[in-house]
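*Asks:* Build me a model:
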Amino acid sequence: MRPARNARPPVAQLTPYIPGLKAPVVGFSGAVNKALLESHGNDGLICILRSYASQAEGDFIALICANPDIPVDTHTVTDQEAREQKAIVLRIPLAHLSDGAVGPVYMVVTHLDSRREETQRLTLKVDQVAPTGNDPIVAPPWVNERLARPQLAQTLIDSTAAQRGVAVSIDFYPVDPTLPTNTHRSVRDQIRLIIGSEIIEHVVTEGQASNRNPIAVTVNYGSWLKIGSGRHACAYDVLDESGNYTPGRSPSQMIEVRLNPNEKLLDPAHIVEAPSGTLDADKLAGKSATLRFPIAGKGWASGDTLRASVKGRTLAGVELEQIYSTLVGSPAITYLDIPWPNADLSVLIGALTQLSYERLRPGQPGVPSENSFIQVTGTPVASELDAPHVPAANGGVLDPLTDPVRVIVRSYMGQHPDDCVTLVLDGKYANGHGFYQEHRLPAGTGDIPFDLANGPEGDIRQLESGTLRLYYYINLPGQRPPSKELNLLIGEPIEALPKVQVLEAPEPDLTFDPEISRANANVTVKWHTSFVLGTTVVLYFEGSALGGSAPPMRRLITDAWLGEDLKFVVPRVYVLANLNRSARLYYSVERPGQRTLYSQSLVMKVGSALQLNVPLILQSTVSGPATATLNPLHVLPPAAPVVTLRIRYPMMAGDDIQPIFKGTFGLGTPVIAPKPADPALGYVDFSISNHVIAANLGLQASVSYIVTRGGASTSSQILSLTVETLPAQHLDRVSVPQAAAGVIDVSKAHSVRVLEWPFMRNGQSIWIDIKGAANLPLREGTPLSAAEFAAKRVEHSLPAAFLRSLPNRSTLTVETHVSLNGSLHKDFAVKLGTVSYRIENTKGVMANIRAAGTPTNLALSADGTRLYLTQATTPRSVAVIDTQNYRVIHTITDIGSPLWLDLHPNGSRLYVSDNSNAANTPIRVISTQDYSTIHTLTGFTTVHGLTLNKTGTRLYVADYGASEMVIIDTTSHNVVSRVPTSRPSAIALSPDGTRAHIAGAFDWRAFNLANNAQLSQANTFSLPQQIAHSPMLQRIYITQPDRGTVVIGNTTTLQVSQTLSGLQRPYDVAFHPKLERAYVTQSGANLLTLIDTRAQNVIGTYAGFSQPRGVVVSPDGVYAYVANASNDTVSVVVL
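*Replies:* Modelled structure (predicted):
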């Protein structure tokens, strides 16, 4: 339904054109959705009557919406509009567009000879509520938690299942069925199931809409072929019949598709900075991330092209694909890295991104990879469409003589060459008449320029002294939010022709009261420099009622009128025809050979002046003629959670009422939908959410309203409303529930719990700060989730490591803030109750983590969050332990019988010996991202120990059987050197990485790693177990289980400086990172021994172990982790 410019049908064949009207809609002419109504602006829904046969000056056009006796907008056709066959732009005010059926909507044309013609009639469905509601997603991830996750009977789809078709179950939405019924699943909703890049659509039937049973959407074989093999995310969104989209998609269900068992996909890529699958963009501090692709041993050849793809969906719903290609220089490299520019990844903050790649080789089909998925978190960046750009405009003003007017739509995110870009021009002439145009172009590949012709009779030239609003949308309205707006003045305001003056309707009311003014209306046009000899000034008096428009009055500027104000008289009969409505007065200046100029319009009311008193807040207490106070408890349960604004004045049919509530910025100043007056009742009530009151706690707000009668508006007096603060007891919602009598025992698990607070709502920002001897931001403004809101509480674990770091008997304070006004800044949030506790912090074993298979040796990540444990007996595996939550999160199996291990300094790879056999021991290189074996090192006899240098570039292996220290390049996995040394059991490197110290059978040897030359050999008299180098002193420690001793060597003199005896099977040794302390496990005594490394003597022990073996110390020195071989646990020790 778009207006044609050339056809001239009779009025009866025309239908009002509503730009963007959604059709078809069952039972209606079309639907008005939320996006459409917002795009039309605050003046209301645009309705256009295109040029019609017999269009003539003086035709009176009335726009009817429901009530045939009271038009909602009117227009009197001018000579120019008739001559140029202009379309007429009218609007239905928002007060007449409440959700539901609206109509009939039509236009009536009354000619000067009283002939009456009507257009076709429309019945509109107004629906401004999206499925699940309009609440926006306020923070990453961009997931609509009111939609349930799609459910599949099986998440592994093989060829047999795909050929049968796979049913995906979509639960009733919204998840919370207590939400208003207009947010519920409805007939003809379109469920859009998205798997990979394939969309499967299902339209909700009447039967499905009548109950709350899940809906099964079947994915057939043809769709599975398009989806393809690999891992995919499965989610859905919903589009209702009116064109409203759900805010965001459902949570994703990961599925695996294997259509061809013989198909071999390339190994998945990963992001180096996201080993756990989550990339925090803020931590990158503007730097690029690294996309890493496995190469060696994967079938690559020199000259192959690697084409990487990153896909994701922005907050605005834009599907993005970013492509990066590079040549593979050598197939021997372990990985190929491609930078992911920060500018690219930032636009996907909040998205679950899909990373994939393919191998391209000339003359062969591409080989795809498995998909990997990364959740990108961080502070979102703007992703809206930029406003159109008009280069000729300066300071928001466009010269009306500009020809052509170039409007540039900048290239935009997610642009496709075949996109349809619609540029909308929505303006007002100087006289207040409406103007509307649409222009369309394909997007192409760069900026999209629109060149709008604007010759002597150009459309924009005729807008001189008026305004123009420009925006654009992509493809169909509602698929993507429209662009930002550009608002222009056409011509400098100082050059605009001023308004007329009406003697009987003075400022500020501009009201012609027939009871006061008993004669005609006397109009003055003030002299203007454009009134030169030969100019004609034409006065227009356009009424809003039938018979209320006077014929145009022309005045030729002669010598007598040069420099004089012009006087016009509008006969009273035309004025009174607009009683209780309004008339628009303006004038034009016509000069032969020059463009016609129009003045600003004056809207004059006709009738008695309205006296509008202050509104009433029903829940408030009136304290004066224009003041009131509101206790916030009056709008909290058990009372209704709304504020009722009542407006009462002498109402007339056709009045529109627009309330105004001005409080704090954002939530504190709501947009209140207008309503028509109700003369029979005498008042109109408006309900405002109590969240508006929450945003104004302790502040003042102003409340008023505007009445529009017959096209003219009158403002009421202003009510000053004081919102009181909440009593303190209603904010006392914070506690640490596990604390006893105000004491936090750090040996136990604790959490901060915040119970439901007044005005709690989904999406509110929350801050929880822990203050004490050390401070911890436990929650930094992240929004309240749907799950937290449903549970009516927030709970966060207090990190055990943090609690253990606090001094005994110190004070810990919990401060909690919540944003009730929508602000993202803590300074503007409401402070909930503050609570304080005393810390009880003792040392020793605080927890035991359940493991399996004879826990033996340990490796700890550099940040202390991951602990890797070899389990040498059944299940013969490496356990991965989350040290923050004291639990095994993964078990790495199928790696033989792991015994010795070390972790790469960057945490990406684990090196583990497989001691299944006494000879030919391999070393597995394991990815800590997906726990897969990415390489196997061979060529050893019997591995007894291994260690990496600080940079992770070299691996040093103690090959006991071959009597060698084997040095390996960890990039190429090639042997760099084999250094002879007698039966080595363990290797320790000096802190500066220049020396290797080897504990061999009955001796300790030192080597210069610059040339691998042996520097010394000292007798130790017994078989060793482990060796470690102090990080603070020039000392090495060698444990000797059979002899019950620890040998301490001076690495400066390369001599034994001390031997600690009397120990029971000492096994492993670890050092404190900040103190001169060493910790030795005594496997035979079930003890952890504490050694003063400066004095070189035993100063204490920790008990409570079960055949302890490996020991490591956390990077902050707060904890030690001890492997207990006898009871299959790892002890967490507070040092």
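*Asks:* Tell me where the stretch 51-200 of the chain has helices.
*Replies:* Assigned by DSSP state H, counting those that start in this stretch, the stretch 51-200 of the chain shows helices spanning 79-83, 159-164.
*Asks:* will you turn these into CSV that also has distance to residue 644 and mean neighbour count?
*Replies:* For the C-beta atoms, the positions are set from N, CA and C on the backbone; glycine is no exception. Shown next, in CSV, are the helices of the stretch 51-200 of the chain (distance: least, C-beta to C-beta, whole Å; neighbours: other C-beta atoms under 10 Å):
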stretch, distance to residue 644, mean neighbour count
helix 79-83, 45, 15
helix 159-164, 57, 15
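*Asks:* need the ones you listed in TSV with mean pLDDT and distance to residue 232, can you?
*Replies:* Formatted as TSV, the helices of the stretch 51-200 of the chain follow (pLDDT from 0 to 100; distance: least, C-beta to C-beta, whole Å):
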stretch	mean pLDDT	distance to residue 232
helix 79-83	93	57
helix 159-164	94	12
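*Asks:* Now distance to residue 55 too, for the ones you listed, in CSV please.
*Replies:* As requested, the helices of the stretch 51-200 of the chain are arranged in CSV below (distance: least, C-beta to C-beta, whole Å):
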stretch, distance to residue 55
helix 79-83, 5
helix 159-164, 62
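*Asks:* all helices for this structure, in order.
*Replies:* Counting by DSSP state H, the chain has helices at residues 34-40, 79-83, 159-164, 206-209, 221-227, 342-346, 572-576, 690-695, 786-791, 800-804.
*Asks:* Any chance of TSV for these, columns distance to residue 500?
*Replies:* Converted to TSV, the helices of the chain look like this (distance: least, C-beta to C-beta, whole Å):
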stretch	distance to residue 500
helix 34-40	30
helix 79-83	19
helix 159-164	75
helix 206-209	57
helix 221-227	67
helix 342-346	54
helix 572-576	14
helix 690-695	41
helix 786-791	57
helix 800-804	74
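*Asks:* what's the most buried one of those?
*Replies:* Mean neighbour count (mean count of other C-beta atoms under 10 Å) peaks for helix 690-695 among those, with a mean of 26.
*Asks:* State the mean pLDDT of that one.
*Replies:* Regarding helix 690-695, the rounded mean pLDDT is 96.
*Asks:* Check which helices and strands that helix is in contact with.
*Replies:* With contacts defined as 3 or more C-beta pairs under 8 Å, 6 or more residues apart in numbering; DSSP states H and E, the packing partners of helix 690-695 are strand 642-648.
*Asks:* how much space between residue 591 and residue 530?
*Replies:* Per C-beta to C-beta, to the nearest Å, residue 591 is found 8 Å from residue 530.
*Asks:* Identify whichever of the helices of the chain lies nearest to residue 838.
*Replies:* Closest to residue 838 of those, according to C-beta to C-beta: helix 800-804, at 12.2 Å.
*Asks:* What average pLDDT does the closest one get?
*Replies:* Average pLDDT, helix 800-804: 80.
*Asks:* Stretch 233-253 too?
*Replies:* Mean per-residue pLDDT for stretch 233-253: 94.
*Asks:* Likewise for stretch 469-477?
*Replies:* Averaging the model's pLDDT scores along stretch 469-477 yields 93.
*Asks:* Okay, buried residues for it please.
*Replies:* Burial within stretch 469-477, assessed by neighbour count using 16 or more other C-beta atoms under 10 Å, is assigned to 469-474, 477.
*Asks:* Take those residues and lay them out in a markdown table including distance to residue 276.
*Replies:* Formatted as a markdown table, the buried residues of stretch 469-477 follow (distance: C-beta to C-beta, whole Å):
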| residue | distance to residue 276 |
| --- | --- |
| 469 | 47 |
| 470 | 46 |
| 471 | 42 |
| 472 | 41 |
| 473 | 39 |
| 474 | 36 |
| 477 | 41 |
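*Asks:* And the furthest pair within the residues you listed?
*Replies:* Across those, the longest distance by C-beta to C-beta is 18.0 Å; it joins 469 and 474.
*Asks:* and of the helices of the stretch 51-200 of the chain, who's closest to residue 780?
*Replies:* Closest to residue 780 of the helices of the stretch 51-200 of the chain is helix 159-164 (C-beta to C-beta; 44.3 Å).
*Asks:* So which elements touch the closest one?
*Replies:* Against helix 159-164 (3+ C-beta pairs under 8 Å, 6+ apart) you get helix 221-227.
*Asks:* May I have the helix it packs on as PDB, with CA atoms only?
*Replies:* Output in PDB follows, covering the C-alpha atoms of helix 221-227 (Å, rounded to 0.1, in the frame of the first residue of the first chain):
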ATOM      1  CA  TYR A 221      15.900 -34.100   6.300                       C
ATOM      2  CA  GLY A 222      16.100 -31.300   3.800                       C
ATOM      3  CA  SER A 223      16.800 -28.800   6.500                       C
ATOM      4  CA  TRP A 224      19.400 -31.100   8.200                       C
ATOM      5  CA  LEU A 225      21.300 -31.300   4.900                       C
ATOM      6  CA  LYS A 226      21.400 -27.400   4.800                       C
ATOM      7  CA  ILE A 227      22.400 -27.300   8.400                       C
END
